[in-house]
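Trainee: predicted model follows, preceded by the sequence.
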Amino acid sequence: MSKRNDLEHKALQHIMNTGFDGILQSDLWRKLGASSREGSRIALKLEEKKLIRREKELRNGRWTYRLYPKRLPAKIDSIADVPCLMCPDNPRCDPSSAISPQSCDKLTDWLLSVSKNEAGFLGDS
């Protein structure tokens, strides 16, 4: 793997680990030991690939960018409270039967609550 691809991968990992807070572009390059020129190119490349989004921010009287991941890594706690896991009808639940995910009020309510909680995070995904 080339140095640039390696830095790109490390940058993406750092950005993903920041989650909702994002990271200032200049802080990221310091952490990676990259030059600002190299860092800017990597940020543009990641944005082009639709892996991150960049938002202009005024910091200490200078314009910079805050970098946010477009997607966060999946975590088990994201599905820990799905109602299907403890549902007594789970063994009989099937899309082709009377008991189905399409007609389950508990599953619908859970999906709506999850989508409301995450709706604002990705913005223009």
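Mentor: Done, it's in.
Trainee: how many residues are close by Leu107?
Mentor: Other residues lying near Leu107 total 17 when counted by other Cβ atoms under 10 Å. The C-beta positions use only the backbone N, C-alpha and C, and glycine is treated the same way.
Trainee: do you know how far it is from Arg37?
Mentor: Noted for Leu107: a distance of 50 Å to Arg37, by Cβ to Cβ, to the nearest Å.
Trainee: ok, now Ile23?
Mentor: 18 Å.
Trainee: can you pull the contacts of the closest residue to Ser36 other than its chain neighbours?
Mentor: Distances taken as Cβ to Cβ, 6 or more residues apart in numbering put Trp29 closest to Ser36, at 5.8 Å, once the chain neighbours are dropped. Residues in contact with Trp29 (Cβ atoms under 8 Å, 6 or more residues apart in numbering) are 35-36, 38-39.
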